[in-house]
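Asks: Quick one, structure for this:
(chains A and B)
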2 protein chains.
Amino acid sequence: MNSAPIGVFDSGVGGLTVAREIMRQIPNEKIIYFGDTARVPYGSKSKETVTRFSKQIVRFLQTFEVKTIVVACNTASAFALDALEKEIDIPIIGVVKPGAKVATDVTRNGKIGVIATEATIGSRIYSKYIKELNKDVTIYGKACPLFCPLVEEGLWQDPVTDEIAKRYLTELIDIDIDTLILGCTHYPLIRSTVGKIMGEGVTLVNPAYETAKELKELLADNGLLNETPPALGENQYQFYVSDGAEKFKRFANSIIKYGILSAKTINIEEY
Amino acid sequence: MNSAPIGVFDSGVGGLTVAREIMRQIPNEKIIYFGDTARVPYGSKSKETVTRFSKQIVRFLQTFEVKTIVVACNTASAFALDALEKEIDIPIIGVVKPGAKVATDVTRNGKIGVIATEATIGSRIYSKYIKELNKDVTIYGKACPLFCPLVEEGLWQDPVTDEIAKRYLTELIDIDIDTLILGCTHYPLIRSTVGKIMGEGVTLVNPAYETAKELKELLADNGLLNETPPALGENQYQFYVSDGAEKFKRFANSIIKYGILSAKTINIEEY
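Replies: Here you go, the predicted model:
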C-alpha cells in the first residue's frame, strides 16, 4: 500500500502547482495527476456540476488503486470535498483547509483576505473553516475571474495583469488585511504581481505549499509514506487529461521542472 | 413543420448574438437555445471533444422536433459541422460559411483577417471556405484567447480590453488587411473597440448577422418559414443550459432585449 500512487486532480493545469509542491516535499511518492481540460474552468460553475465532475474523476483515479486523493482545486475542494469523502474509504484532502489553517495562524490583526474564483468565494468555504478555528477573525473574499485566463495566456508578469490585479486588490488594501490567501491554484504563478501590489506588510498564503505539508503528515500518521525512492526508469509521475494532452504537456513543462514525459487523454464522461 | 422551432446552440452565451439576429430578422420564428455552460469554453479544446459535445447537444435539440439547427459557435462550426450534417436529416448551418462568403464579397485588396479562438484559427476553416470562393484572396488568422473572458467579465469598453486588442490586432494592421471577420460569437460585443483600433478603412464582418440572413433564405428555399406570428402568451424563445441558469439569464438579458423569462438547466452528458 505504501508504494501505491497518490491521486491528484484539478480542473486543468492549476493543480500542477500543488503537484509540484508534493514532488518537492515528498519526493519518493508516485503521482497520478488528472486535469479536466475538456470541462475547465470549474470556477464559474455550480456546486452540482462541479460535484458531478469531481465524482467522475475520483472514480477514474481509483482505477489506479491510489492510496490517497488530493483535490488540488479550490473550487472542487469548496464544493465537492464533503460529497467525495462519503464515497470513498481512503484519505482525501483538499487545498482549502490547509490554507485556512495557516492564514489563521499567521494573521496578527485578524483581517484575512481571500482571492479565488467566483465559485470558491461564493461558497464562503474559507470563512467557514477559519471561523471554526478562530471566530474573532474577519475574512474578506474577492473573486478574480480574469486571473486564470491571464495566467493561462502566460501574462504572469505584464502591465495588463498589474492593472487587473490593482482593480481586484484595491478594496483588500483599503480594508487593511495583513494576510492574503491565494485561493486558486493558478495564483501562485502570479504571486510576485500580487505581492508587489499588496506590499510587504501582507503575508501571502499559498495553499499548494500547505497542502503538500499536510499531505506528508497525513501519510505519516497513517503509515502510508513511501520510504523507497522510485526505481530507475520507473514512471513516477503520470498525467491524464480529458482533452488536449499536447497543450497540457507544454504548459506543465513550464511549471514542473521534473520533465513530464507524456500526458494521455481519456474520456472522463465514461466514469 | 413551418411552426416548429429553430434549434440554436453555442458553448455558452456567445451564441446569443446569433439568436438576437435571428429574432430581429425573422421575428415569427420560435427558438430553442442551448448554451453548454457546464463545459464552456470550446475555443481552447480539441476537435474530438468539441464534436462529441456538439453531437450530444444536437440529440438534445432534436427532442424538440426542431426544423433546423444553427451552430451558433465558430469553434463548433469549424470542428463539428461536417460530422453533424451526417447524423441528421434536417438542414443545419454554421456561422463560418456565411461570414466567409461576405468577407470574400467585400474585400477590395484581397487581404482578409480573421480573429477567433485558438481552436477556430487552428482549424483554418475560414481559409478553406474563402479559398473555395476565391483562390486569390489571402487570409490572416489571429487567435485572441483573452477576448472571451474580457467580454464575459463585462469589460466591453475598457482600457484593458483596448490594450489587449492592440496587441492582438497590430500584426493585422501591419499586413494591411481591408476586411476583418469577427470569428467568435462573443466578438460583436467588443465591435467598437476592434473597429476603433483597426480604423475606418477596415470592414468588420459579423457572422452572426450574415448567418441569420442565410438562415432566412434557407428556410424560405425549403418552404419552412413560419408565416404566423407567435400566439399571445406563447413561449416563443426557450433557453436551456448545462449549468448556472440564473447567471446565464442575467448575461442573456444584457444582450437580448426581448425579456428572457427563464432558462432551465439540463444534464447534457445524458444525451
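Asks: only C-alpha atoms for contact and neighbour calcs from this point on.
Replies: Will do.
Asks: so which residue of chain A comes closest to chain B?
Replies: residue A:39 (4.4 Å; Cα to the nearest Cα).
Asks: Tell me which helix or strand the nearest residue in space to that residue that is not next to it in sequence sits in.
Replies: Distances taken as Cα to Cα, 6 or more residues apart in numbering or on different chains place residue B:39 nearest to residue A:39, at 4.4 Å, with adjacent residues excluded. Under DSSP states H and E, no helix or strand contains residue B:39.
Asks: Repeat that for residue A:129.
Replies: Residue A:129 belongs to helix A:125-133 when assigned by DSSP H and E.
Asks: Let me see the residues that make contact with that helix.
Replies: Contacts to helix A:125-133, defined as Cα atoms under 8 Å, 6 or more residues apart in numbering or on different chains, come from residues A:78, A:96, A:97, A:100, A:101, A:104, A:114, A:137, A:138, A:139.
Asks: Give me the buried stretch members for it, please.
Replies: A:125, A:126, A:127, A:129, A:130, A:131 (16 or more other Cα atoms under 10 Å in any protein chain shown).
Asks: Tell me which helix or strand comes right after it.
Replies: strand A:138-143.
Asks: helices and strands around whatever helix or strand comes next after that next one, which ones?
Replies: Where DSSP H and E defines the elements, the next helix or strand beyond strand A:138-143 is helix A:147-152. Helix A:147-152 sits against helix A:159-175, with contacts defined as 3 or more Cα pairs under 8 Å, 6 or more residues apart in numbering or on different chains; DSSP states H and E.
Asks: residues from chain A in reach of chain B?
Replies: Contacts of chain A with chain B, taken as Cα under 8 Å from any Cα of the partner chain, map to A:37-41, A:45-46, A:49, A:145-146, A:149-150, A:153, A:160, A:163-164, A:243-244, A:269.
Asks: quick one: what helix or strand has the residue sitting furthest away from the middle of chain A in it?
Replies: Most distant from the centre of chain A: residue A:232, at 29.2 Å, with distances by Cα atoms, centre = their mean. Under the criterion DSSP H and E, no helix or strand holds residue A:232.
Asks: on that earlier part again, adding distance to residue A:226, write the buried residues of helix A:125-133 out as JSON lines.
Replies: Compiled in JSON lines, the buried residues of helix A:125-133 are given as follows (distance: Cα to Cα, whole Å):
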{"residue": "A:125", "distance to residue A:226": "32"}
{"residue": "A:126", "distance to residue A:226": "31"}
{"residue": "A:127", "distance to residue A:226": "34"}
{"residue": "A:129", "distance to residue A:226": "30"}
{"residue": "A:130", "distance to residue A:226": "32"}
{"residue": "A:131", "distance to residue A:226": "35"}
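Asks: Can you pick out the most distant pair from those?
Replies: Greatest spatial distance among those (Cα to Cα): A:125 and A:131, at 9.9 Å.
Asks: Could you report the pLDDT at the residue of chain A closest to chain B?
Replies: Per-residue pLDDT puts residue A:39 at 97.
Asks: What count of nearby residues applies to it?
Replies: 22 (other Cα atoms under 10 Å in any protein chain shown).
Asks: How about the contacts made by residue A:242?
Replies: Contact partners of residue A:242, counting by Cα under 8 Å, 6+ apart, are A:35, A:36, A:37, A:38, A:39, A:265, A:266, A:267, A:268.
Asks: what's the burial count for the second one?
Replies: The criterion is other Cα under 10 Å. On that basis, residue A:36 has 25 neighbouring residues.
Asks: Distance-wise, check it relative to residue B:165.
Replies: 29 Å (Cα to Cα, to the nearest Å).
Asks: same thing with the third one?
Replies: Distance of residue A:37 to residue B:165, given as Cα to Cα: 26 Å.
Asks: who has more neighbours, the two?
Replies: Higher neighbour count among residue A:37 and residue B:165: residue A:37, with 24 against 19, using other Cα under 10 Å.
Asks: Secondary structure class of residue A:230, three-state.
Replies: coil (DSSP: H, G, I helix; E, B strand; the rest coil).
Asks: Double-check it against residue A:28; I have them as touching.
Replies: Yes - under the criterion of Cα atoms under 8 Å, residue A:230 makes contact with residue A:28 at 6.2 Å.
Asks: Let me see the confidence value for residue A:199.
Replies: Listed pLDDT for residue A:199 reads 97.
Asks: care to break chain A down by domain?
Replies: According to automatic domain parsing, chain A is divided into the following domains: A:6-94+A:209-270, A:97-207.
Asks: Turn these into CSV, columns for distance to residue B:54.
Replies: Listed next are those as CSV, based on distance: least, Cα to Cα, whole Å:
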stretch, distance to residue B:54
domain A:6-94+A:209-270, 13
domain A:97-207, 24
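Asks: can I assume residue A:9 sits in a strand?
Replies: Yes - judged by three-state DSSP, residue A:9 forms part of a strand.
Asks: Contacts only, for it.
Replies: Counting by Cα under 8 Å, 6+ apart, residue A:9 touches A:15, A:33, A:34, A:35, A:36, A:57, A:69, A:70, A:71, A:72, A:73.
Asks: That one bridge partners, please.
Replies: residue A:34, residue A:71 (DSSP bridges).
Asks: Spell out for me the PyMOL command that would select the buried members of the residues of chain A next to chain B.
Replies: In PyMOL, a selection of the buried entries from the residues of chain A next to chain B looks like this (16+ other Cα under 10 Å):
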select buried, chain A and resi 37+38+39+40+41+45+46+49+145+146+149+150+160+243+244
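Asks: so how far is residue A:200 from residue A:74?
Replies: 25 Å.
Asks: the more surrounded of these two?
Replies: It is residue A:74, of residue A:74 and residue A:200, that has more neighbours when counted by other Cα under 10 Å, with 34 against 10.
Asks: How many residues are close by the residue lying closest to the more buried one once chain neighbours are set aside?
Replies: Among residues not flanking residue A:74 along the chain, residue A:184 sits closest, at 5.5 Å (Cα to Cα, 6+ apart). Counted with other Cα under 10 Å, the neighbours of residue A:184 add up to 28.
Asks: hang on, residue A:184 packs against residue A:115?
Replies: Yes - Residue A:184 is within contact range of residue A:115, at 7.4 Å (criterion: Cα under 8 Å).
Asks: And for residue A:175, the neighbour number?
Replies: 12.
Asks: Measure how buried residue A:254 is and give me the count.
Replies: Counted with other Cα under 10 Å, residues neighbouring residue A:254 total 11.
Asks: Heading C-terminal from the helix or strand that contains it, find the next helix or strand.
Replies: According to DSSP H and E, residue A:254 maps onto helix A:245-255. Remark: after helix A:245-255, the chain's next helix or strand is strand A:263-265, criterion DSSP H and E.
Asks: what sits up against that following strand?
Replies: So strand A:263-265 is in contact with A:238, A:239, A:240, A:241, A:242, A:243, A:244, A:245, A:246, A:248, A:249, going by Cα under 8 Å, 6+ apart.
Asks: of the residues you listed, buried ones?
Replies: A:238, A:239, A:240, A:241, A:242, A:243, A:244, A:245, A:248, A:249.
Asks: how about these in TSV, adding pLDDT and distance to residue B:206?
Replies: Output for these, formatted as TSV (pLDDT from 0 to 100; distance: Cα to Cα, whole Å):
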residue	pLDDT	distance to residue B:206
A:238	95	44
A:239	96	40
A:240	98	38
A:241	98	34
A:242	97	32
A:243	97	30
A:244	94	29
A:245	95	33
A:248	93	32
A:249	93	35
